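J.: Fold the following and give me the result.
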Amino acid sequence: MKVSKLAANLIGSEIVKIGNEVNDLKAKGAEIANLTIGDLNSNLYPIPALLKEEIQKAYQNNLTNYPPANGLLSLRKEVSKDLKNRWNLDYSPNDILITAGSRPLIYAVYKTIVDEGDKVVYPTPSWNNNHYAYLTSADAVEVKTTPENNFLPTADDLRPHLGGAVLLALCSPLNPTGTMFTREQLSDICELVLEENKKRGADEKPLYLMYDQIYSNLTFGAEHVDPVSLFPELKEYTIYIDGISKCLAATGVRVGWGFGPAHILDKMKALLTHVGAWAPKPEQEATAKFYENPENVNVFVEDFKGKLEESLKVLHGGIQDLKGKGLSVESIEPMGALYLTIRLDYIGKTKPDGSVIENSSDLVFYLINDAGVALVPFSAFGEAKSEPWFRASVGGLAVDEIKVMLPKLENALNNLK
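T.: Coordinates of the predicted model:
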């Protein structure tokens, strides 16, 4: 049966595909350490108790009709205060848009800025930019990054590609790697954006910068930096993506916010009124109440990220132990978010049944079946399937489960010849 060209050529999420395989096997009784999805085991990591109470209270008070299209004013006011207190960013409630998590915001940024054939620049690996570029018929320019730079783009990497581009998409801390821009790295890139915009005429579309900082509160000693704090003149070109999904372990609560130039945010709001991507009103009300006391956020985040950091250290240490034993593995020390970047250099090896690991997807499914370990290949983030790099997300496992998983991973890798 015929469908639209867009639908016919749409590529499904590789992460979801792997997750479905894991869930099917677990339903059949298999024990699998699921390091795939950028989500959290809500029994290990429940949302803040006060936030849960406020959500329940809002439902009991029948706050179940439509929220305003740009979000409850009470929440936008609290977000405005938090941005000022936490990052010294000045954005009024009218410059803030509340949506059901950050995905509608990213989609709306693309749809608001990008016309068919417009050049969009983003690094690989990065989360979902390839799909959003496809959905907007953009001319996607993928800038390959290197492990030597923690898989973050440098100004030199980006410089040849920004001419004529309308959108540069960046994220820090980065999904999938858990690495972060330094002040110097981001400053060099910001200067490029400003230089490029000085070249544009009044009738030309500017080069906008989408800056996804959804993991900004989950950093382990490293300093989170952002474009407008570094260069206030970037305020008219920068759209931020943020929210509670990660920092409050609230992925399913679906409260995100974007902020940036009013003329962009207003068009994003108008677009999303046709999509209906509002965060539920009770969850908005509850988040506003929770943010009224900044200490609520600070206390929860410090405890939560401490647990994540411990899990990541155990996993990173375990991979380094395997490296010390002579296995062809590597990992990059995590700086933030939920993720560890792991290299498993086993593409081309032969499995015990005689078949060959031809690409990163083959290795993923081998490890699921033979080690009970599920990872996401960087091919899910725009890299080639020949690349032996993988994302491991620790949000779904306890530390003890990670420790139990490591010998199984070691044994499965040792069985490849």
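J.: switch to C-alpha atoms for all contacts and neighbour counts from now on
T.: Will do.
J.: by contact count, what packs against the longest helix seen in the chain?
T.: Ranked by residue count and defined by DSSP state H, the top helix of the chain is helix 294-324. If you count contacts as 3 or more C-alpha pairs under 8 Å, 6 or more residues apart in numbering; DSSP states H and E, helix 294-324 packs onto helix 281-291, strand 329-332, strand 339-344, helix 399-414.
J.: Buried residues in that helix, which are they?
T.: Of all the residues in helix 294-324, those buried under the rule 16 or more other C-alpha atoms under 10 Å are 297, 300-301, 304-305, 307-309, 311-316, 318-322.
J.: For the spatially closest residue to Y291 that is not a sequence neighbour, give me its contacts.
T.: Nearest residue to Y291, sequence neighbours excluded (C-alpha to C-alpha, 6 or more residues apart in numbering): E78, at 6.1 Å. Residues in contact with E78 (C-alpha atoms under 8 Å, 6 or more residues apart in numbering) are A288, Y291, E292.
J.: Let's see that with 10 Å instead.
T.: By C-alpha atoms under 10 Å, 6 or more residues apart in numbering, the contact list for E78 reads K84, P93, T287, A288, K289, F290, Y291, E292, N293, P294.
J.: Distance-wise, check it relative to Q284.
T.: Applying C-alpha to C-alpha, to the nearest Å, the value for E78 to Q284 is 11 Å.
J.: Just give the number of residues close to A49.
T.: 10 (other C-alpha atoms under 10 Å).
J.: what about the strands in this protein?
T.: Remark: strands assigned in the chain by DSSP state E are 33-34, 96-99, 119-124, 139-144, 165-171, 208-212, 238-243, 256-259, 329-332, 339-344, 373-374, 376-377, 389-393.
J.: Of those strands, which is nearest N415?
T.: When the strands of the chain are compared by C-alpha to C-alpha, strand 339-344 sits nearest N415, at 13.5 Å.
J.: Would you give the sheet partners of that closest one, along with the direction of each?
T.: Strand 339-344 sits in its sheet next to strand 329-332 (antiparallel), strand 389-393 (antiparallel), going by DSSP bridges.
J.: sorry, back to before: would you list the contacts of E78 in a markdown table and tack on pLDDT and distance to P147?
T.: Shown next, in a markdown table, are those (pLDDT from 0 to 100; distance: C-alpha to C-alpha, whole Å):
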| residue | pLDDT | distance to P147 |
| --- | --- | --- |
| K84 | 98 | 34 |
| P93 | 98 | 39 |
| T287 | 98 | 37 |
| A288 | 98 | 40 |
| K289 | 98 | 42 |
| F290 | 98 | 39 |
| Y291 | 98 | 37 |
| E292 | 98 | 41 |
| N293 | 97 | 40 |
| P294 | 97 | 36 |
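J.: Just the buried subset of those, please.
T.: When the contacts of E78 are checked for burial by 16+ other C-alpha under 10 Å, the buried set is P93, T287, A288, K289, F290, Y291, E292.
J.: List just the nearest of those residues to N128.
T.: Once C-alpha to C-alpha is applied, the member of the buried ones among the contacts of E78 that ends up nearest N128 is T287, at 26.6 Å.
J.: that older thread, so which of the strands paired with strand 339-344 is the most surrounded?
T.: strand 389-393 (a mean of 27; mean count of other C-alpha atoms under 10 Å).
J.: Just give the number of residues close to Y59.
T.: 15.
J.: that older thread, please identify the most buried of the strands of the chain.
T.: Buried most deeply of those, by mean count of other C-alpha under 10 Å, is strand 376-377, with a mean of 30.
J.: Could you tell me which strands sit next to that one in the sheet, and their orientation?
T.: strand 389-393 (antiparallel).
J.: Go ahead and produce CSV holding the CA coordinates of the partner strand.
T.: Output of strand 389-393 as CSV, limited to C-alpha atoms (Å, rounded to 0.1, in the frame of the first residue of the first chain):
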residue,chain,number,x,y,z
TRP,A,389,32.3,2.5,19.4
PHE,A,390,29.2,2.0,21.6
ARG,A,391,27.1,3.9,24.1
ALA,A,392,26.4,2.4,27.5
SER,A,393,23.7,4.0,29.6
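J.: Could you tell me the angle between that strand and helix 294-324?
T.: With axes from the mean of the first three to the mean of the last three C-alpha atoms, to 10 degrees applied, the angle from strand 389-393 to helix 294-324 works out at 140 degrees.
J.: need the helices for the stretch 151-300 of the chain, in chain order.
T.: Listed in chain order, the helices of the stretch 151-300 of the chain (DSSP state H, counting those that start in this stretch) span residues 155-158, 183-198, 227-230, 262-273, 281-291, 294-324.
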